[in-house]
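Asks: Quick one: sequence plus predicted model below, questions after.
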Protein chains: 2
Amino acid sequence: MNIKKFSEITEISPYTIRYYEKIGLLRGVSRNASGHRWFTEKDIIWVEFIKRLKDTGMPLENILKYADLRGEGASTSELRMKILEDHAVMLEDKIAEDMYHLKKLKEKIKHYSETIELELNT
Amino acid sequence: MNIKKFSEITEISPYTIRYYEKIGLLRGVSRNASGHRWFTEKDIIWVEFIKRLKDTGMPLENILKYADLRGEGASTSELRMKILEDHAVMLEDKIAEDMYHLKKLKEKIKHYSETIELELNT
DNA sequence: ACTTGACTTAGAGTTTACTCTAAGTTGTAG
DNA sequence: CTACAACTTAGAGTAAACTCTAAGTCAAGT
């Protein structure tokens, strides 16, 4: 598929897609006869994975490091697994922290509603 | 307390504290005889709340809007509560999304460990 | 043959949230 | 009285992640 279709499916702008290729996050993207990028199913799977890492707070620089290892082949499997394991631990901590933040926010909201309640009864 | 002490307690750099005051996030900070900022317990409580909103993904621009309403007094209580309620809903969604991401990451890690296991048995 | 629209590139510009610099003032210790 | 550290300000600089511009190529439709 062309970049427009790929952009629609992945919900990433063509600008960003080219940018990802430029910095080495996307590599080996094939081209058609006229030199335009031609994306495949494999590219979708890979960018969806990039999105997962990015959405869970991994900076592009680190994702790029993962992409580098991936490019080096099977010999880096363990290293890549280690990166994902560390990231998963980080994410677990982040979720726990967010749950605590949520609890505190709800307490504050409750406090607001009680205060407003009081004012209405004045 | 002076800015250095305040910085240590809140774990925000003096640069950032001054920046927050400059953009209007921190207001009404008192000064001592020599014109230096003098922070109180109330300032700590307020920046800790700013940190909570920020850490849960609220952009400074939105936190600033909340600070503006706060500055307008009790008449904006309901509006501020609404902002927090919306943010709490957003955070709940984010936590759910992160949990899904975590599940997917763990599946990939499992896949890695199985692949590596297989290679060792070759 | 020519216009149209989607693509290409290198590189410039934008946004958010800081982070630092330069020049100047003030309080305390020797 | 002077050195020194900590503060002050306005404004410049930085990093990350895009986002856009300008100039050019190319294939399809009229």
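Replies: Ah, there it is. Residues are numbered from 1 along each chain as shown, chains lettered A, B, ... in the order given.
Asks: For chain A, which residues are neighbours of DNA strand C?
Replies: Contact residues (Cβ under 7 Å from any atom of the strand) of chain A with DNA strand C: A:2-5, A:14, A:18, A:22, A:31, A:35-37. Every residue, glycine included, has its C-beta placed from N, CA and C.
Asks: which residues in chain A form helices?
Replies: In chain A, the helices defined using DSSP state H lie at A:3-10, A:14-22, A:41-55, A:60-71, A:77-120.
Asks: so what secondary structure elements neighbour the third one?
Replies: Secondary-structure packing of helix A:41-55 (3 or more Cβ pairs under 8 Å, 6 or more residues apart in numbering or on different chains; DSSP states H and E): helix A:3-10, helix A:14-22, helix A:60-71, helix B:77-120.
Asks: want to try a markdown table for these, with mean neighbour count as columns?
Replies: Below are these laid out as a markdown table (neighbours: other Cβ atoms under 10 Å in any protein chain shown):
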| stretch | mean neighbour count |
| --- | --- |
| helix A:3-10 | 15 |
| helix A:14-22 | 15 |
| helix A:60-71 | 16 |
| helix B:77-120 | 14 |
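Asks: Nearest to residue A:118 among these would be which one?
Replies: Comparing the helices and strands packed on helix A:41-55 against residue A:118 with Cβ to Cβ, the closest turns out to be helix B:77-120 (10.5 Å).
Asks: How far away from the center of its chain is that closest one?
Replies: Using Cα atoms, centre = their mean, to the nearest Å, the distance from the centre of helix B:77-120 to the centre of the chain it belongs to is 18 Å.
Asks: now that helix against helix A:77-120, angle please.
Replies: Orientation note: helix B:77-120 sits at an angle of 160 degrees relative to helix A:77-120 (axes from the mean of the first three to the mean of the last three Cα atoms, to 10 degrees).
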